[in-house]
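Q: I would like to see how this sequence folds:
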Amino acid sequence: MKAMRMITIGSFFDHDFADNIHFRSPISFLDYDIVLIDFEYVLTEYDTNQWKVYRGYRNLNESNSEALIKDIERRKFEILETLKFGRTVIVFTPGDQICYVDTGEREYSGTGRNRLTTYITSEVNILSVLPVEFETVEACGTSINFRGDGQFSVFWDRNKDSFCYRAYFKKPVGTPLWFIKGTDKVVGSFMPFEKGNLIFMPTYSYNDEDEKHEKDFLKSIVYLVKELNKSTGDFRLPSWCLNYLLPKEEARRLALKKYESDLNKITHEISKQKKVIAGFEEYKILFSGTGRALEVQVGKVFSELGFVVAEGLPGRDDFILNYKDKVAVVEVKGVSKSASEKHAAQLEKWVSEYISCNGTSPKGILIVNAFKDVPLNLRTEDPFPAQMITYSTNRNHCLLSGIQLLCLFLFCKENPEKREEMVEQLLTTNGVFGLCTDWTRFLSIRDETIEKVTKKCGTSDGFVLKPSIIDKT
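A: Below you'll find the predicted structure:
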């Protein structure tokens with residue numbers, strides 16, 4: 001059997017295993033058994049210093065417009081013929097490849113020096129060279145899930161660390177094989193076409209300039225195509241054969257369609273549940289986090305409680321709360337020990353600066369996630385030491401821990417009619433906020449965690465386990 005000849009378009013494979021050409025090259029696809037196309041850089045072949053932008057897309061000048069239209073027509077014919085001859089066309093799933101071309105038509109208005117010429121343009125999609133219609137959404141990433149088998153499984157095992165995706169299909173074409181991990185978004189598929197194969201796959205993206213790795217990748221494509229041809233004896237059924245059914249074939253096709261539909265639904269539900277769980281995890285930052293992550297989450301909770309949240313001045317770690325006609329300045333800290341007077345002093349500084357800038361006195365609120373590295377059930381010390389409480393009480397500061405803020409939020413979610421009352425308590429408390437101190441009212445501990453804690457502490461007394469109510473939202 002003669003060696004398969006491969007041609008690559010728009011890629012940068014630079015060795016003699018495959019011929020690499022431009023889309024606008026006069027070299028024909030019809031000389032080759034495998035055509036591999038990366039559309040990402042095709043339009044750049046038609047750029048000149050004279051191209052402009054129209055509606056966000058390239059607007060080619062007259063000469064490049066004419067060349068592109070002719071090349072699309074020529075390549076479209078070659079791709080279709082390639083597939084009719086039983087050969088393979090592989091496309092790295094592309095995003096938008098739209099441009100505007102000069103039609104050669106002109107409209108004129110005005111006379112003399114005031115005469116204006118309007119150039120008539122037309123939208124062109126380079127992807128029209130392919131024999132199937134499809135739409136994609138531009139999206140980049142590397143988390144790809146393969147859900148195929150057979151020859152494609154071997155190919156993926158060899159190359160899975162060398163792919164990224166640049167787009168996903170709005171509606172899948174052919175048999176979906178590659179998905180964005182944890183979703184039903186298809187980034188690659190396979191479809192027999194005429195007597196050949198049309199394959200959409202994620203983009204090869206090996207970062208190192210390793211010619212051997214590239215050569216191995218191209219070899220694996222040749223092996224894949226040979227195996228695909230073997231599966232039908234180098235013959236593809238013509239499309240009219242689909243109108244003739246063997247016994248039980250229709251039932252099997254319907255069953256397959258149902259399973260694929262069920263799989264898409266399950267994948268969609270898995271994606272939804274992962275998003276919900278990720279939301280749960282964000283709330284746990286309130287009793288485990290520090291720095292910017294903690295600040296963002298505190299701001300989010302206050303926003304959900306009905307406050308208008310605004311960032312403080314650049315370079316500062318405070319933010320401003322507005323609730324109806326009341327204003328508060330908030331300082332947030334995540335520390336490995338208890339809070340300290342310096343935290344309260346920093347808050348007082350922000351309060352003083354607000355007064356000097358605005359002429360009104362805001363409420364000072366200090367939120368400290370104390371003992372951030374210690375599990376909740378092992379936090380035995382008070383988050384605010386006595387000397388600090390005196391300092392803050394005299395300055396009308398409200399003090400509460402990160403876990404208290406979470407419990408306050410959960411209480412208001414559970415009792416929305418009491419939200420106004422709880423917010424009022426927050427804005428009028430001087431010293432330690434006395435409510436929402438029992439986190440076991442809202443958070444439970446996994447059984448295996450209880451066993452470990454019991455062994456470590458010698459007792460399990462005092463653990464009141466009740467279900468969280470976050471999932472009611």
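Q: need the helices for the stretch 351-473 of the chain, in chain order.
A: 386-394, 402-414, 419-428, 447-457 (DSSP state H, counting those that start in this stretch).
Q: Return the set of buried residues in the shortest one.
A: Residues of helix 386-394 classed as buried by neighbour count (16 or more other Cβ atoms under 10 Å): 388, 389, 391, 392, 393. Bear in mind the C-beta positions are built from the backbone N, C-alpha and C, glycine included.
Q: so what's the third one up against?
A: When contacts are counted by Cβ atoms under 8 Å, 6 or more residues apart in numbering, residue 391 touches 341, 344, 345.
Q: same deal with the second one?
A: For residue 389, the contact set (Cβ under 8 Å, 6+ apart) comprises 399, 431, 432.
Q: which of these lies closest to residue 281?
A: Among the contacts of residue 389, residue 399 lies closest to residue 281 (Cβ to Cβ), at 26.1 Å.
Q: Okay, residue 155 and residue 89: tell me how far apart.
A: According to Cβ to Cβ, to the nearest Å, residue 155 and residue 89 sit 16 Å apart.
Q: Also residue 219?
A: For residue 219, the distance to residue 89 (Cβ to Cβ) stands at 18 Å.
Q: the more surrounded of these two?
A: residue 89 (24 against 14; other Cβ atoms under 10 Å).
Q: Just among the contacts of residue 389, which is most surrounded?
A: When neighbours are counted by other Cβ under 10 Å, residue 399 leads these with 25 neighbours.
Q: Tabulate the buried residues of helix 386-394 (a markdown table), appending pLDDT.
A: Output for these, formatted as a markdown table (pLDDT from 0 to 100):
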| residue | pLDDT |
| --- | --- |
| 388 | 92 |
| 389 | 94 |
| 391 | 92 |
| 392 | 93 |
| 393 | 93 |
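Q: I'd like those as TSV, with distance to residue 302 appended.
A: TSV is the format used below for the buried residues of helix 386-394 (distance: Cβ to Cβ, whole Å):
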residue	distance to residue 302
388	22
389	23
391	24
392	19
393	22
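Q: Go through those and name the one nearest residue 328.
A: Closest approach to residue 328 among these (Cβ to Cβ): residue 392, at 13.9 Å.
Q: and residue 217, which of the three is it?
A: The three-state label given to residue 217 by DSSP: H, G, I helix; E, B strand; the rest coil is helix.
Q: Does it touch residue 201 like I think?
A: No. Residue 217 is beyond contact range of residue 201, at 11.2 Å (criterion: Cβ atoms under 8 Å).
Q: which one of those two has more residues nearby?
A: Taking other Cβ under 10 Å, residue 217 and residue 201 do not tie; residue 201 has more neighbours (25 against 19).
Q: surely that one meets residue 94?
A: No. Counting by Cβ under 8 Å, residue 94 is not a contact partner of residue 201; they are 11.2 Å apart.
Q: The residue nearest to residue 155 when sequence neighbours are not counted: neighbour count?
A: Of all residues not flanking residue 155 in the chain, residue 224 sits nearest, at 4.5 Å (Cβ to Cβ, 6 or more residues apart in numbering). Residues lying near residue 224 (other Cβ under 10 Å) number 25.
Q: Helices of the chain, residue ranges please.
A: 62-84, 150-159, 211-231, 249-284, 291-304, 341-358, 386-394, 402-414, 419-428, 447-457 (DSSP state H).
Q: Contact partners for residue 164?
A: Residue 164 neighbours (Cβ under 8 Å, 6+ apart): 140, 141, 142, 144, 202, 203, 205.
Q: Tell me who's in contact with the nearest residue to residue 388 once chain neighbours are set aside.
A: Setting aside the residues directly before and after it, residue 388 is nearest to residue 341 in space (Cβ to Cβ, 6+ apart), at 4.9 Å. Residue 341 sits next to 387, 388, 391 when contact means Cβ under 8 Å, 6+ apart.
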